[in-house]
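>>> Provide a 3D model corresponding to the input given below.
(chains A and B)
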Amino acid sequence: MKVRFWGVRGFYPAAGASFVRYGGNTAALEIVNDQGDRLAIDFGTGAVPLGRALLGAGFGAGKGALSVLLSHTHLDHTAALPFFVPVFIPGNKIDIFGATSDGKLQGVLESLFDPHVCPINSLRNLGATVSVHNVADGPVAVPGFSVRALLVPHGKATGVAWRIEADGRSLAVITAIDHPPQGPLPTAVALAQGVDMLMQDAAWPSSPAHLVQRWGGASLGYAISVAELAGAQQLVLTHHAPNHSDGDIDAMLADARRRTTLPVRAATEGETLEV
Amino acid sequence: MQAVFWGVRGSYPTPGPDTVRYGGNTACVELTSASGERVIIDAGTGLARLGDYLAEQGELHQPLDLLLSHLHWDHIQGLPFFAPCHHPDANLSIHALRPDAVKLSDIVRGVARHEFFPVALDDMAASFHFHEVHPGRAFGARSFDVRPFRLNHPFGAVGYRVIADGTSCAYVCDTAPFDLLLHKKHFLKGPEPLSAADRRSLQRRKASLLHAIAGCDTVIYDTHYTQDEYARFPHYGHSTPDHALDMCAGQGIRRVVLFHHAPNHNDTQMDEIDAHYRAKGDLLGLEVVTAREGMVLPMGPGRRAPHMRPGTGP
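Prediction:
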């Protein structure tokens, strides 16, 4: 199972020379198993170049199928939907899985295309077959992968943490979570139990309380705790804050490596990792 | 008066090494008068960086007017991350077209809601005031005189002529040209035949635009597409540099700023566009400038040349 990082930034894209090394696009991951089955996690601006890359993999001819797992519906995880070229090509099949606090993911995604904000006006105007699925805690049927969802608190929104298994390997992606003050959310630790790789939001390395409170998300301390308590083999820090330069992320990574003996890396746009 | 470009990109932000010189943030232009007052046009991701700058300057509490051309994502997505929105003493007046029966405040709140942003507009500390813009009806914002006019873009958009310090700047974004098709409220799969009423409507919009930009020091124009791209996507609501120069030539305008760059145009392509249209501008008696993130553009008599804000660019 391979993971490619198309977008690693949280909140909003970080454009400019200070963000070139780790990358400025918002959250998007592509996961491919050994048989070539593919899924994506989150649809921030990083999914725009993913969409272009997929045109050569059947999607250009309307023969593509992609499952998209959303951690939540904030724009840094959904903004690319109206700009993901495969959705305009008839024949492609896109299945979107996620959750919202009102249980109406279809309605929220529809309003992403509302005529006030988007000239496409409605999901119905997309050429591809786009199906939206609300998930609950538990297994989710995705071709080629064993997938489990866990609903987690994320401000007023509902986040979904994902565990993905294929080829005898396992990966947990926890990028939209407000852990309780006393420590990591136990259900999230359980979801990530023994994974080969844990991707955890660590937008706030030094956890200034007012920022975490305003924007939600997790600090580096929580990310390390989840990884250690879950017995993860490797920790990947992601959802970098948009004002953190490459140097700031280097410093966070160095700090993380002082604080844990686990292998830690910072998610980097354009990188592919073997799980 | 001077303009500072905080975001110059159209459609969606394009971070990365290939867009470092021209910039990857979506539309946001700050206009400042000699007295230090400011109005901001559009709230793309560039607005978040402007907010960080205002925080550094200790100016979060200054009353601000935000003129929105329309509410498409690339013109509004920076608003929830604009630092003044989270300051209890801040006062933001938001001016926008109301394209349908819904109240303007409800439209903006419906965009900046908790399903899409970590902090919804309803939960922000600042005071918000909403002002509906009527094309053709001038209004004041701080000491700026603002004259809105209707553009040709899906679901409606307005341009603004902003007057201060005895000089004028027009913001013409987003708009398609005024010949091939008329944008209304329905989804366009491609060009549709024009009725006689459509042609009259296009003529009216073109005339009001020409009237609004005549004699401006600087016109900032939606030049999203190259000619080839426009031929493929004429129904997406954007113009070309050739169209912008056609509109501005012979109108007593000193300078045209190419703006709202297509997300697929990297720095090398932008260099080519810049060189080509500067030369074309020379022939037409127009100074052509390609907008770059961080660019400062002084306007009016005796103005300095365009330059970059300290610490910006590659």
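>>> how about the strands in the stretch 1-150 of chain B?
Secondary structure of the stretch 1-150 of chain B (DSSP state E, counting those that start in this stretch): strands located at B:2-7, B:28-32, B:38-41, B:64-67, B:91-97, B:127-133, B:139-141, B:144-150.
>>> Show me the one of those that comes nearest chain A.
strand B:2-7 (8.4 Å; Cβ to the nearest Cβ). For glycine as for every other residue, the C-beta is placed from the backbone atoms N, C-alpha and C.
>>> could the strands of the stretch 1-150 of chain B be laid out in TSV, adding mean pLDDT?
TSV is the format used below for the strands of the stretch 1-150 of chain B (pLDDT from 0 to 100):
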stretch	mean pLDDT
strand B:2-7	98
strand B:28-32	98
strand B:38-41	97
strand B:64-67	97
strand B:91-97	96
strand B:127-133	97
strand B:139-141	97
strand B:144-150	98
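>>> Relative to A:Gln193, which of those is closest?
Shortest distance between A:Gln193 and the strands of the stretch 1-150 of chain B, using Cβ to Cβ, is found for strand B:2-7: 43.4 Å.
>>> quick revisit: any chance of the strands of the stretch 1-150 of chain B in JSON lines, plus distance to A:Leu126?
Conversion of the strands of the stretch 1-150 of chain B to JSON lines gives the following (distance: least, Cβ to Cβ, whole Å):
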{"stretch": "strand B:2-7", "distance to A:Leu126": "27"}
{"stretch": "strand B:28-32", "distance to A:Leu126": "29"}
{"stretch": "strand B:38-41", "distance to A:Leu126": "31"}
{"stretch": "strand B:64-67", "distance to A:Leu126": "31"}
{"stretch": "strand B:91-97", "distance to A:Leu126": "26"}
{"stretch": "strand B:127-133", "distance to A:Leu126": "31"}
{"stretch": "strand B:139-141", "distance to A:Leu126": "38"}
{"stretch": "strand B:144-150", "distance to A:Leu126": "29"}
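>>> Please tabulate the ones you listed in TSV, including the columns mean neighbour count and distance to chain A.
Shown next, in TSV, are the strands of the stretch 1-150 of chain B (neighbours: other Cβ atoms under 10 Å in any protein chain shown; distance: least, Cβ to the nearest Cβ, whole Å):
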stretch	mean neighbour count	distance to chain A
strand B:2-7	26	8
strand B:28-32	25	12
strand B:38-41	25	17
strand B:64-67	25	16
strand B:91-97	21	10
strand B:127-133	16	14
strand B:139-141	16	22
strand B:144-150	21	17
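>>> part of a helix, is B:Asp198?
Yes: judged by DSSP: H, G, I helix; E, B strand; the rest coil, B:Asp198 forms part of a helix.
>>> that older thread, out of the strands of the stretch 1-150 of chain B, the one nearest B:Asp18 is which?
Closest among the strands of the stretch 1-150 of chain B, using Cβ to Cβ: strand B:2-7, at 16.8 Å.
>>> Where do the helices of the chain begin and end?
Using chain A here. Assigned by DSSP state H, chain A shows helices spanning A:47-54, A:105-112, A:186-191, A:209-215, A:220-230, A:246-259.
>>> Please refer instead to chain B.
Applying DSSP H to chain B gives helices spanning B:46-56, B:104-111, B:196-213, B:227-232, B:241-248, B:267-284.
>>> Compare those helices and say which comes out lowest on pLDDT.
Note on the helices of chain B: helix B:104-111 shows the lowest mean pLDDT, a mean of 91.
>>> Show me what it is packed against.
Here helix B:104-111 touches strand B:91-97, strand B:127-133, going by 3 or more Cβ pairs under 8 Å, 6 or more residues apart in numbering or on different chains; DSSP states H and E.
>>> Please pull out the lowest mean pLDDT helix or strand from chain A.
helix A:209-215 (a mean of 62; mean pLDDT, DSSP states H and E).
>>> ok, A:Val152 to A:Gly216 distance?
According to Cβ to Cβ, to the nearest Å, A:Val152 and A:Gly216 sit 11 Å apart.
>>> Could you find the closest non-adjacent residue to B:Lys280?
Nearest residue to B:Lys280, sequence neighbours excluded (Cβ to Cβ, 6 or more residues apart in numbering or on different chains): B:Leu245, at 6.1 Å.
>>> and that neighbour, how far is that from B:Leu71?
Remark: distance between B:Leu245 and B:Leu71 (Cβ to Cβ) = 28 Å.
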